[in-house]
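J.: A predicted structure for the sequence below; I have some questions about it.
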Amino acid sequence: MGVHRITSEAAKYYAQRERVVGSGVALLGEASMNLDKLTSEQLEKLGDLAAKLLPHSPGYAGKMMPIVARLFWKLAGAGEKEFGFAELDELEKEIEEVKKELGF
């Protein structure tokens, strides 16, 4: 179909947001299938990550992020935390670090 070029700032942000949220959801899904192998610290990090994805997650994905965060925190034995904001660049780096740590 040809090459699609992203030229506007809005399009660049949208593409980055989709990439980061997609990577984050994939990581959370992979972690959910390996819960027995994860430590409480890792589970807590995953809950923190889900909380940070909330502001960037549109639609039903956004509605699920607080649920996912609370479930990971509960599995970790941690209490509920604040849902803060993180920039997409920061989130992208954090997702890659957690992937490496978990071996996914």
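T.: Cool, the structure landed.

J.: what are the ranges of the helices in this structure?
T.: Remark: helices assigned in the chain by DSSP state H are 9-32, 40-53, 59-76, 88-102.

J.: Now the first one: average pLDDT?
T.: If I follow you right, that is helix 9-32. Mean per-residue pLDDT for helix 9-32: 94.

J.: Figure out how far that helix is from the centre of its chain.
T.: Chain-centre distance of helix 9-32: 7 Å, with CA atoms, centre = their mean, to the nearest Å.

J.: name the helices or strands packed onto it?
T.: helix 40-53, helix 59-76, helix 88-102 (3 or more CB pairs under 8 Å, 6 or more residues apart in numbering; DSSP states H and E). The C-beta positions use only the backbone N, C-alpha and C, and glycine is treated the same way.

J.: Quick one, which of those helices gets closest to S23.
T.: Judged by CB to CB, the one of the helices and strands packed on helix 9-32 that comes nearest to S23 is helix 88-102, at 5.1 Å.

J.: Name the surrounding residues that touch the closest one.
T.: Helix 88-102 is contacted from outside by 13, 16-17, 19-20, 23-24, 27, 30-31, 34, 38, 42, 45-46, 49, 52-53, 56, 86, using CB atoms under 8 Å, 6 or more residues apart in numbering.

J.: which ones are touching the residue nearest to the spatial centre of the chain?
T.: Using CA atoms, centre = their mean, the residue of the chain that lies closest to the mean C-alpha position is G24, 3.2 Å off. Contacts for G24 (CB under 8 Å, 6+ apart) come out as 49-50, 53, 91, 95.

J.: All set, thanks.
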